[in-house]
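>>> Okay, predicted coordinates and the sequence, questions at the end:
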Amino acid sequence: MSRFRLIVILVLLLTSLATRGADKAESDSYEIENLSDSSQIEYDSQSGLAIARNGVRITSKGNVITANQATINDQTGDIIATGGVTFVQGHYIWTSESIEYNFKTGHVKAENFKAGSEPFYVGGNNLNYDAKEKIYSANDVFVTTDDVPQPGFKIKAKRIKVVPGEYVEAYQAVLYNGNIPIMYFPKYKRQLDKQSAFTFTPGYRSVYGPYLRSAYNWSASTNLNGVVHLDYRAFRGVGAGPDFSWNLGGLGSGSLKTYYLHDEDPDKIDSGRHIDSDRYRVRFEHSATLRTNLSLKIAANKQSDPFVTRDFFEGEYKRNMQPPSFVEVNQLWPNYSLNILANLQLNDFFETVERLPDVKLSAYRQKIGSSPLYYESESSVGYFKYKFADDAFQDYSAFRADTYHQITLPKTFFGWLNITPRVGGRLTYYGKSDDGATVTEETSRWVFNTGAEISTKASRTWPGVKNKLLKIDGLRHIIEPSINYAYVPNPSKRAPDLPQFDKELPSLKLLPIQYPDYNSIDSIDGQNVIRLGLRNKLQTKREAQIENLLNWALYSDWNLHPKSNQKTFKDLYSDLDFQPRSWIILSSETRYDINESHWNEANHYLTLQPNDVWSWAIGHRYLREMPYQGINFGNNLITSRFYFKLNENYAFRISHQFEARDGTLEEQYYTIYRDLRSWTAALTFRVRDYRTRPTDLTIAITFSMKAFPRFGLGSDREQPELLLDS
């Protein structure tokens with residue numbers, strides 16, 4: 001973090017105050033009041049002079065002055081306050097033994113002043129605001145981000161001048177760490193609309209060797225800022241690239257991220273394919289609300305190879321391994337929406353369905369006139385091209401038009417039973433499908449669907465139930481059983497006879513059984529199924545708020561006429577959240593195979609966070625090995641994350657990821673945090689066991705200034721790779 005940045009703190013504070021001081025008052029008036037029984041106020045109507053003693057409060061234009069005594073001149077607008085003066089101006093609080101303020105001009109003078117609004121604190125002598133020239137000046141100024149009598153990092157300047165919105169000049173400025181001078185500036189001038197700072201992350205990683213990641217953050221204006229990256233990795237070479245982010249007001253906001261590296265050892269991590277030495281990634285994003293309910297989104301992501309983000313931008317890779325490139329326009333109306341989506345394959349090593357474009361009109365569920373019936377629909381038209389990665393198979397393309405319409409009749413019986421029957425139909429037209437070798441003739445498909453959803457809700461309360469240990473103050477039990485029946489006869493054309501663009505993909509969750517929620521248009525098949533659901537909530541009062549002590553949902557599908565690849569009963573799913581105390585949270589997601597009597601999936605996570613001194617989170621993820629495309633996927637993973645604050649200066653966090661199937665400790669994180677008053681520092685060790693290649697060891701040191709935190713609060717807990725700057 002740049003030491004120069006501390007100088008700007010005073011600039012920001014004085015600029016804000018100068019702006020306020022320069023504003024024209026709505027009315028040149030004030031109010032004065034006593035603060036105690038011994039307070040006295042004398043007023044001379046001829047001279048317009050008021051004198052207050054023994055505690056007074058003066059309010060003018062939203063500014064508040066409290067002092068032992070004050071003199072107010074109605075004619076000139078001068079207020080002279082002395083003795084324990086506090087001047088509240090907006091979010092800022094000034095203190096001094098003497099302050100002069102003119103409520104007509106906004107002019108301010110103060111001796112031995114102090115002021116601040118977290119995280120900025122400033123003090124000095126002879127503060128003067130020239131309302132005519134709109135210039136602030138002060139002598140013997142100090143500025144810091146530490147709200148303590150003896151601050152750590154601070155800057156002292158013999159004299160400072162600020163022209164709000166333009167520049168700041170500091171004369172004979174010295175940067176201190178405690179009482180130790182570190183750097184001297186005879187004269188320092190800085191434009192206020194151009195802020196900058198350096199960040200550095202030194203470290204070592206087995207696949208990089210010693211490395212230094214550096215960035216220069218700059219701001220050209222309030223609407224444009226960016227970062228210039230320059231990184232050195234001993235084994236891999238130099239990488240660099242600028243990032244830009246902008247906010248254009250009504251035209252939207254966005255970002256452009258670029259990076260290039262001539263990788264000296266691109267195959268250091270075996271990826272199963274040769275990777276060229278020239279590696280790069282470019283990411284462009286922009287979104288805008290063009291007018292009310294009309295939005296635009298654009299994204300373009302170009303990479304040199306599929307693993308460049310994995311190797312050098314781990315955080316990006318975890319969030320999205322295959323970032324898409326698209327243009328999307330969406331228009332909303334009260335009962336309808338129009339969506340236009342164009343999708344392109346910019347990276348030929350990622351499998352992509354190109355939409356050139358896909359236009360969809362949706363009608364939300366709405367009442368039909370004065371009848372009890374409701375109508376909803378979804379219609380789309382577009383030209384699609386399925387492009388395989390690396391030309392592994394022959395691409396194919398076709399025109400497709402699809403329209404779906406449905407009528408529902410929601411009814412409530414006996415005041416508690418909700419029944420919603422539905423009936424609908426879908427027509428899909430496919431143009432000639434061309435895969436470069438053969439042409440499939442145009443075809444159409446009809447689909448009919450019907451069904452009904454039945455649900456109810458019942459509750460009971462026990463207001464007298466109390467428990468101090470679990471902080472229970474009364475109980476309420478809510479039960480919500482539901483049945484959803486869906487019947488779809490076999491469509492006129494089955495999925496294997498149609499080009500597959502929006503196709504059904506393997507999922508660990510139950511897919512929707514009704515339309516239009518089920519959106520794998522090209523994979524639609526016949527079904528005769530009942531989805532059974534049961535939700536339970538147990539609620540109590542804590543801190544005058546209603547909290548869920550228990551939230552538990554059970555659901556499964558019953559196939560009345562299972563196909564050859566289906567079972568009569570699908571797995572039984574359970575989603576449970578249990579919070580016996582506000583600082584204890586247990587989450588559970590399980591999936592039980594009723595037919596084979598075994599667990600297919602079980603995810604449990606327990607979080608304990610009783611205070612800011614320590615916290616512990618432990619989780620277990622089990623997934624039975626299941627073959628998919630010739631590969632058996634499965635997990636028996638145990639994770640743990642422990643944080644402990646040793647004292648006001650030191651804390652540490654330990655994270656582990658252990659795969660019990662083969663007894664491998666896959667990942668270890670060890671971080672030591674050091675509070676440096678104005679800064680925080682972190683020393684992080686990471687060890688990864690890849691099984692089939694050498695162990696990957698990473699060590700890094702990061703610094704962050706408290707006034708301008710480098711990471712969001714808690715982000716290093718959820719994304720520890722940020723501490724490695726990756």
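It's in.
>>> For stretch 138-146, what does the pLDDT average out to?
For stretch 138-146, mean pLDDT is 78.
>>> ok, now stretch 99-117?
Stretch 99-117 comes out at a mean pLDDT of 80.
>>> Same check on stretch 389-401?
If you average the pLDDT over stretch 389-401, you get 90.
>>> What of stretch 422-442?
84.
>>> Next, the buried residues of it.
In terms of neighbour count (16 or more other CB atoms under 10 Å), stretch 422-442 has its buried residues at 422, 424, 426, 428, 430-431, 433-434, 440. Every residue, glycine included, has its C-beta placed from N, CA and C.
>>> Also stretch 460-475?
Buried residues in stretch 460-475 (16+ other CB under 10 Å): 471-472, 475.
>>> Then stretch 292-309?
Buried-residue list, stretch 292-309, by 16+ other CB under 10 Å: 295-301, 303-309.
>>> Relative to Ile275, which of these is nearest.
Among the buried residues of stretch 292-309, Asp305 lies closest to Ile275 (CB to CB), at 5.0 Å.
>>> Okay, the closest one and Tyr232: tell me how far apart.
Going from Asp305 to Tyr232 by CB to CB, to the nearest Å gives 21 Å.
>>> again with Trp616
38 Å.
>>> Asp390 belongs to a helix?
Yes - under DSSP: H, G, I helix; E, B strand; the rest coil, Asp390 sits within a helix.
>>> List the contacts of the closest residue to Ser523 other than its chain neighbours.
Spatially, and ignoring its direct neighbours in sequence, Ser523 is nearest to Glu504 (3.9 Å; CB to CB, 6 or more residues apart in numbering). Glu504 makes contact with 511, 520, 523, according to CB atoms under 8 Å, 6 or more residues apart in numbering.
>>> Neighbour-wise, give me the winner out of those residues.
Among the contacts of Glu504, the one with the most neighbours (other CB atoms under 10 Å) is Ser523, at 18 neighbours.
>>> I'd say that residue and Asp497 touch.
No - no contact is recorded between Ser523 and Asp497 when judged using CB atoms under 8 Å, the distance being 11.8 Å.
>>> Phi first, then psi, for Glu314.
The phi/psi pair for Glu314 (degrees, to the nearest 10) reads phi -60, psi -40.
>>> Over to Phe312?
The phi/psi pair for Phe312 (degrees, to the nearest 10) is phi -130, psi -10.
>>> quick one, what contacts it?
239, 259, 261, 279, 726.
>>> Any regions of the stretch 201-350 of the chain where pLDDT drops low?
Along the stretch 201-350 of the chain, segments meeting pLDDT under 70 span 220-222.
>>> Could you pull out the strands in it for me?
209-219, 224-233, 237-247, 253-262, 278-291, 294-303, 326-332, 336-343 (DSSP state E, counting those that start in this stretch).
>>> Kindly reformat those as JSON lines containing distance to Lys706.
Converted to JSON lines, the strands of the stretch 201-350 of the chain look like this (distance: least, CB to CB, whole Å):
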{"stretch": "strand 209-219", "distance to Lys706": "16"}
{"stretch": "strand 224-233", "distance to Lys706": "20"}
{"stretch": "strand 237-247", "distance to Lys706": "23"}
{"stretch": "strand 253-262", "distance to Lys706": "26"}
{"stretch": "strand 278-291", "distance to Lys706": "30"}
{"stretch": "strand 294-303", "distance to Lys706": "34"}
{"stretch": "strand 326-332", "distance to Lys706": "39"}
{"stretch": "strand 336-343", "distance to Lys706": "43"}
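>>> For Tyr396, find the nearest of those.
strand 336-343 (15.8 Å).
>>> Please state the offset of the closest one from the chain centre?
Taking CA atoms, centre = their mean, to the nearest Å, one finds strand 336-343 lying 25 Å from the centre of the chain it belongs to.
>>> That strand: what's the following helix or strand?
strand 352-367 (DSSP states H and E).
>>> who touches that next one?
324, 326-327, 335-345, 373-387, 397, 408, 501-502, 516.
>>> please redo it, this time with the cut-off set to 6 Å
335-345, 374, 376-387, 501 (CB atoms under 6 Å, 6 or more residues apart in numbering).
>>> do the same with stretch 238-249
So stretch 238-249 is in contact with 223-232, 253, 255-261, going by CB under 6 Å, 6+ apart.
>>> Run the chain-centre distance for whichever strand or helix holds Arg426.
Assigned by DSSP H and E, Arg426 belongs to strand 417-430. Computed by CA atoms, centre = their mean, the separation of strand 417-430 from the middle of its chain amounts to 37 Å.
>>> Name every strand pairing with it and say which way it goes.
strand 396-408 (antiparallel), strand 411-413 (antiparallel), strand 443-456 (antiparallel) (DSSP bridges).
>>> If you average the pLDDT over the second one, what comes out?
What strand 411-413 shows for mean pLDDT is 95.
>>> which helices and strands sit right next to the helix or strand where Glu666 lies?
Under the criterion of DSSP H and E, Glu666 resides in strand 664-675. Secondary-structure packing of strand 664-675 (3 or more CB pairs under 6 Å, 6 or more residues apart in numbering; DSSP states H and E): strand 650-659, strand 679-688.
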